[in-house]
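[1] model the following, please.
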Amino acid sequence: MPQHEAELESWERQRQVGLAEFMDALGAGGLDLAADPLAFLPFLNRFVADQDYDSFEEDDWLYLHTMIAAYVAEVLVRRYGAYWRLRQDSRGPNYMLVTTGYDGGEYEVSPMDVVYFNLKRVPPDVTYMLASAELTARVVRQYDD
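    Okay, the predicted model is just below:
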C-alpha cells in the first residue's frame, strides 16, 4: 500500500473514532449515521449553542473546529459518497474530500477549511457550515435571487 493511502486510512480511522467519542459524550452514541447522517445535527447544534465562547481558550477552539469538521466530513462521505485525497499546500498536508458534483465534475473540499472560515461567527452555525461544504463540493446547486 502506498504511503499516502496508509496515511489517508489512518486519518479516516482517527476521524471516525473521534466523532464516535464526541457523539457518545453528547448522548448521541446510539445514532446510526450510516442511515441518517443528519441525525446528529440537532445534538451538535445544541452543543455549539450552549458554549461560553468568552471563556474559550485555543485548545477549546481547536477541539470544536476538529469535531465540527469531522461531522461535516461524515455528512459528505455518507450522503454524497465523498472520499479522501491528500494534497500538499503552503500549510503542509491538507486532507480533501473528493465529490462528484451535480454536473458530473470532480470537486474537492477541505472540511477543516470550511469550518475554519465559518468559525468567525459566534456562535458558529453548523447548519450553515454543512451548506457551505455542500456548495463547495457542488453536490447541491446554488440558486441566486
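[2] for the helix or strand containing residue 21, list the C-alpha coordinates in CSV.
    Using DSSP states H and E, residue 21 falls within helix 3-25. Taking C-alpha atoms only, helix 3-25 is exported to CSV below (Å, rounded to 0.1, in the frame of the first residue of the first chain):
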residue,chain,number,x,y,z
GLN,A,3,2.4,5.7,1.9
HIS,A,4,-0.3,8.3,1.1
GLU,A,5,-3.0,5.6,1.1
ALA,A,6,-2.0,4.4,4.6
GLU,A,7,-1.9,8.0,5.8
LEU,A,8,-5.5,8.6,4.5
GLU,A,9,-6.7,5.3,6.1
SER,A,10,-5.2,6.4,9.4
TRP,A,11,-6.7,9.9,9.1
GLU,A,12,-10.2,8.4,8.4
ARG,A,13,-10.0,5.9,11.3
GLN,A,14,-9.0,8.7,13.7
ARG,A,15,-11.8,10.9,12.4
GLN,A,16,-14.4,8.1,12.9
VAL,A,17,-13.1,7.3,16.4
GLY,A,18,-13.0,11.0,17.4
LEU,A,19,-16.5,11.6,16.1
ALA,A,20,-17.9,8.5,17.8
GLU,A,21,-16.4,9.5,21.2
PHE,A,22,-17.8,13.0,20.7
MET,A,23,-21.2,11.7,19.9
ASP,A,24,-21.1,9.4,23.0
ALA,A,25,-20.2,12.4,25.2
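[3] list the buried residues for the helix or strand just after that helix?
    Later in the chain than helix 3-25, the nearest helix or strand by DSSP H and E is helix 41-49. By 16 or more other CB atoms under 10 Å, the buried positions in helix 41-49 come out as 41, 43-44, 47-48. Bear in mind the C-beta positions are built from the backbone N, C-alpha and C, glycine included.
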